[in-house]
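In: Here's a sequence, model it:
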Amino acid sequence: MEQPVSMPWSAPAFTRPPHGWKGVRSVVFPFAPDPEEAVRIMPPEMELSPGPGLIAMLSYPQTEIIHPFKELVVMIPVRVGDVEGNYIPYIYVTTDEALIPGREIALAMGPVGTITGPMPDNLMESQGELAGKPVLNYKLIPGPAGEIEIEEITSVTLDVVPHEAEIGTATVRGDDSDLDPVARLVPGSEGILIAMMSDNTIPAGTVLRRIDRATAPEAEHAGTHA
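Out: Next up is the predicted model:
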């Protein structure tokens with residue numbers, strides 16, 4: 001029997017990657033993450049890297065396998081061993097259907113701003129470099145008795161082909177509350193806002209590192225699908 005990708009195993013909700021969307025609309029706001037909060041929420045064996053974090057709000061169109069949905073992603077720059085990428089500590093989607101592939105396969109605040117014109121070529125190049133970094137995810141799956149059954153850091157490099165890009169300015173403000181963990185990571189700030197339309201493909205990922213809490217953690221760089 002071919003191994004399923006998502007639950008239930010007898011009739012998986014989604015096919016194997018890659019999964020693609022044409023005409024994804026997104027806005028991206030770079031920010032300087034609070035270093036103490038970033039370190040506090042990072043999983044084992046991950047280190048904070050220099051560089052900006054990103055808040056991304058995306059609108060995905062209808063495809064053959066999933067209905068339209070919207071997504072908010074918070075990313076911070078990290079390093080795992082010699083691999084640099086963007087870790088996603090917080091991700092929110094607007095449908096349960098979209099939650100399944102995000103949780104099983106790979107993968108409260110927002111910027112308010114104004115678009116002012118086309119994005120300069122130099123900023124387009126820098127955004128291309130950021131998009132080329134792998135996205136690092138932390139999978140923590142409990143066993144039947146509540147113990148940690150699977151603990152992995154996975155990596156996937158998204159294929160983003162931009163078609164239109166504009167730039168503007170935005171302001172981010174979070175709630176000063178213990179119930180708003182994103183606000184502790186993302187200080188209130190003002191900066192550039194990038195709006196883009198693109199074709200996005202999420203390929204199969206790899207297991208970058210397995211963590212065994214019963215023994216000393218060991219890095220694994222085998223090409224195991226996430």
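In: Enumerate the positions of the host helix or strand of Arg40 that are buried.
Out: Assigned by DSSP states H and E, Arg40 belongs to helix 35-41. For helix 35-41, a neighbour-count test (16 or more other CB atoms under 10 Å) marks Glu37, Ala38, Ile41 as buried. (Glycine included, C-beta is placed from N, CA and C.)
In: quick one: what helix or strand has the residue nearest in space to the middle of the chain in it?
Out: By CA atoms, centre = their mean, the chain has its centre lying nearest to Ile88, at 4.3 Å. Using DSSP H and E, Ile88 maps to strand 83-93.
In: For that strand, which helices and strands make contact with it?
Out: Judged by 3 or more CB pairs under 8 Å, 6 or more residues apart in numbering; DSSP states H and E, strand 83-93 is in contact with strand 69-80, helix 96-104, strand 135-142, helix 181-185.
In: 10 Å instead, please
Out: helix 35-41, strand 53-60, strand 69-80, helix 96-104, strand 135-142, strand 148-156, helix 181-185, strand 206-210 (3 or more CB pairs under 10 Å, 6 or more residues apart in numbering; DSSP states H and E).
In: Ends of stretch 51-66, what's the gap?
Out: 34 Å (CA to CA, to the nearest Å).
In: Buried residues of it, list them for me.
Out: Neighbour-count burial for stretch 51-66 [16+ other CB under 10 Å]: Gly51, Pro52, Gly53, Leu54, Ile55, Ala56, Met57, Leu58, Ser59, Tyr60, Ile66.
In: Sheet partners, orientation included, of the strand holding Ile88?
Out: strand 69-80 (antiparallel), strand 135-142 (parallel) (DSSP bridges).
In: so who does the closest residue to Ser177 other than its chain neighbours touch?
Out: In this structure, Ser177 finds its nearest non-sequential neighbour in Ala183, 7.1 Å apart by CB to CB, 6 or more residues apart in numbering. Residues in contact with Ala183 (CB atoms under 10 Å, 6 or more residues apart in numbering) are Asp34, Glu37, Ala108, Met109, Val172, Arg173, Gly174, Asp175, Asp176, Ser177.
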